[in-house]
Structures are given as C-alpha cells and as structure tokens.
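J.: Next input, structure requested:
(one chain, ligands or ions: 1)
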Amino acid sequence: MADWRSYDTIAEAYERIWAPRFETVARHLLAAAPPVQGSRLLDLGTGMGAVASALADKIRTLRAVVGCDLSFGMLGKARHRVPQLRLVVGDMTRLPFRDASFDVATANCVLSHLADYQSGLAEVVRVLARPGAFATASWGPSSDPYAAAWKELLEGAVGADTAQRTVDLVVPSESRFSSPENVRTALIDAGFTTARVSLAELAHECSVDEYLADRELGASGRFGRHALGDPGCRRFLGTATSEFGRRFGDRVSYSRPLVLGVGTLR
Ligand SMILES: C[S@@+](CC[C@H](N)C(=O)[O-])C[C@H]1O[C@@H](n2cnc3c(N)ncnc32)[C@H](O)[C@@H]1O
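T.: The predicted structure is shown next:
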C-alpha cells in the first residue's frame, strides 16, 4: 500500500489543484532572489517543477536548471510539465551533488517537511558556490475560520492527538518556518553571510467543494483518508461539506501570509 506521507499518492490531484497556486508562490520566491543570466540553479523539493515553470522564458538564459525531489510521482509530472528541467531523485539532507556546483538554490514550500532542517540547510551551503544565494518560501500561520473548521472536523473524526502527531510526521518544521524570525535565524545559523526575510500575502477565493478538495491534499487530509479508508473519508467529506455550507455558505475567501527568506554566501 502506498505511503500516505509521500507526495506520490497525490501527484494527480496536486497537478490539478495545487500546481497553479504553488507557481504563484514560486513567482514571489523568484522575485525575492532573481537568478542572473548564466547561473546554475538547483530547485530543492522541486515537485512538479513550479519554480522552473515560474521562470518561464528566463529558463533559457540559465546555464543549468536542476530539480531534486524524493517523490518519483511528482518528478514524473515535472518531466512532462517542464522538459528543460534536469531531474534528480534525492533527499535534501544528503544531496547527490559536488561542493560548489550551483550559484542559486531554491526551496518552494519544502523546509517545513524536514525534521532535520539543519542538515538540509548545511547541504545547501555545501553545494552553493561563492557568491551564491538561496531562496526559501514557507507559509505563515493560517488564521482564517475555514482552516480552524477543517481542523476541528478532522480532529473530531480521527482524534485530536492522532491528527497532530501524524501531521508532525509530514511537516515537522511547519510551525518553525511559519515565523519570519525563525527563518532568518535558521539561515544565519546555517552559515549564510546575510539573511533577509520579507512577507507577501496570498489571497484565495473558491467554492467550498474546491476548498475541501484542497484540504484533502494537505498532510491532515492525506492522513484522514489513510485512517478512515475510502468509504469513511467520503462520509467525512460529506459531513464537512454540509457543515461548511451551514457555517459559511457556498464560497470561501481568505488570505495567507507567505514568508520569503533569502540567504547569501560571499
Ligand atoms: C509542498 S511540495 C512543494 C513542491 C514544489 N516545490 C512546488 O512548489 O510545487 C513539497 C515537496 O518537497 C518534497 N520533499 C519533501 N521532503 C524532501 C526531502 N527531504 N528532500 C527532497 N524533497 C523533499 C516532496 O516530495 C514534495 O514534492
């Protein structure tokens, strides 16, 4: 049976539901640290290549663009979506690259997944040349009523402790990297010469059905399907749809902060 924690299990739905939004995040990331012509770029946790897609025509001006990810399912999608991206299966905490192989590294919504984020950042410092730059994006805290309602309903279905413990298995560093100060500290502690952090705000409006389909892809939703099984998960989603309709009507509209960190090496 497929491991519910892996992105392999959700690659199809990710492409349909999440890929456009992560490309928007990637455009913010690239605006914070635009790669210069001729540079070699490594995109860590590349997934289906959101950063490379967001580069658009600029990709042709770079010397190399390499995407590295643990998930074969996600990389399979990247191969079709961005044929110019060179793909490597690998773990960000043990990168299969020589020292100083890249000028720029990016990690778009990836650091939250690393329990040992210090090893991941140490690897980024190792594979970057001097001068070099690393740009990271992570979600800030979600403080909207929809996220709170989803959490409450899911915890009701699978148990609060279990839900939290299992989410921690997928995104153990999510709360750490939701704080701008923690992002800055992590970059400096990793050895970057400078670290600057900025915030962006991403607004989103969609139907309740689309919102719940989005939540199903997150760590808690994936665990929900695993714990409840397909029929149980369908029943849970039916209940969640009615409850969201009762509380909020047909549509949801919210915004979520994005934390953008840029570390440079001299
Ligand atoms: C939220 S997705 C983001 C994907 C892509 N950066 C984007 O913006 O669409 C997180 C990605 O990080 C990958 N990932 C998680 N832990 C990883 C690790 N230790 N090394 C490499 N990739 C990892 C997952 O497989 C997944 O594709």
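
J.: Distance of the residue positioned nearest the centre of the chain relative to V171?
T.: In the chain, the residue lying closest to the centroid (CA atoms, centre = their mean) is C109, at 2.6 Å. Plainly put, C109 is 10 Å away from V171 if you go by CB to CB, to the nearest Å. For every residue, glycine as well, the C-beta is placed using N, CA and C.

J.: same check, this time on S138
T.: In terms of CB to CB, S138 sits 10 Å off from V171.

J.: Neighbour count: these two, which is higher?
T.: S138 (26 against 22; other CB atoms under 10 Å).

J.: And the strands in this structure?
T.: Taking DSSP state E, the strands of the chain run over residues 40-44, 64-69, 86-89, 102-108, 128-139, 194-207, 251-265.

J.: Could I get these in TSV, plus columns for distance to D230 and mean pLDDT?
T.: Below are the strands of the chain laid out as TSV (distance: least, CB to CB, whole Å; pLDDT from 0 to 100):
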stretch	distance to D230	mean pLDDT
strand 40-44	33	98
strand 64-69	27	98
strand 86-89	29	98
strand 102-108	30	98
strand 128-139	28	98
strand 194-207	23	96
strand 251-265	25	97
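
J.: Mind checking those for the one nearest to the ligand?
T.: The closest of those to the ligand is strand 102-108. By CB to the nearest ligand atom, the value is 3.6 Å.

J.: Pairing partners for that closest one, with directions?
T.: Sheet partners assigned to strand 102-108 using DSSP bridges are listed as strand 40-44 (parallel), strand 128-139 (parallel).

J.: Please name the spatially closest residue to W150 (chain neighbours excluded).
T.: Once flanking residues are discounted, W150 sits nearest to R215: 5.0 Å by CB to CB, 6 or more residues apart in numbering.

J.: Can you tell me which helix or strand of the protein has the lowest average pLDDT?
T.: helix 160-170 (a mean of 85; mean pLDDT, DSSP states H and E).

J.: And that one, what's buried?
T.: 163, 166-167, 170 (16 or more other CB atoms under 10 Å).

J.: and which of these is nearest to P131?
T.: Lowest distance from P131 to the buried residues of helix 160-170 (CB to CB) belongs to V170, with 34.3 Å.

J.: So the closest one versus T46, what's the distance?
T.: For V170, the distance to T46 - CB to CB - is 18 Å.

J.: Burial check on the closest residue to F236 other than its chain neighbours, number of neighbours?
T.: Leaving out its chain neighbours, the residue that sits closest to F236 by CB to CB, 6+ apart is A157, at 5.0 Å. Using other CB under 10 Å, A157 is surrounded by 16 other residues.

J.: List the residues that contact A157.
T.: 224, 228, 232, 236 (CB atoms under 8 Å, 6 or more residues apart in numbering).

J.: count of neighbours near P257?
T.: 17.

J.: Tell me who's in contact with it.
T.: Contacts of P257 (CB under 8 Å, 6+ apart): 139-141, 199-202.

J.: can I get the residues you listed in a markdown table with distance to S175 and neighbour count?
T.: Shown next, in a markdown table, are the contacts of P257 (distance: CB to CB, whole Å; neighbours: other CB atoms under 10 Å):
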| residue | distance to S175 | neighbour count |
| --- | --- | --- |
| W139 | 10 | 17 |
| G140 | 10 | 17 |
| P141 | 8 | 12 |
| L199 | 16 | 11 |
| A200 | 19 | 19 |
| E201 | 19 | 10 |
| L202 | 18 | 15 |
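
J.: possible to save those as JSON lines with distance to the ligand?
T.: As requested, the contacts of P257 are exported to JSON lines (distance: CB to the nearest ligand atom, whole Å):
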{"residue": "W139", "distance to the ligand": "9"}
{"residue": "G140", "distance to the ligand": "15"}
{"residue": "P141", "distance to the ligand": "17"}
{"residue": "L199", "distance to the ligand": "18"}
{"residue": "A200", "distance to the ligand": "14"}
{"residue": "E201", "distance to the ligand": "18"}
{"residue": "L202", "distance to the ligand": "13"}
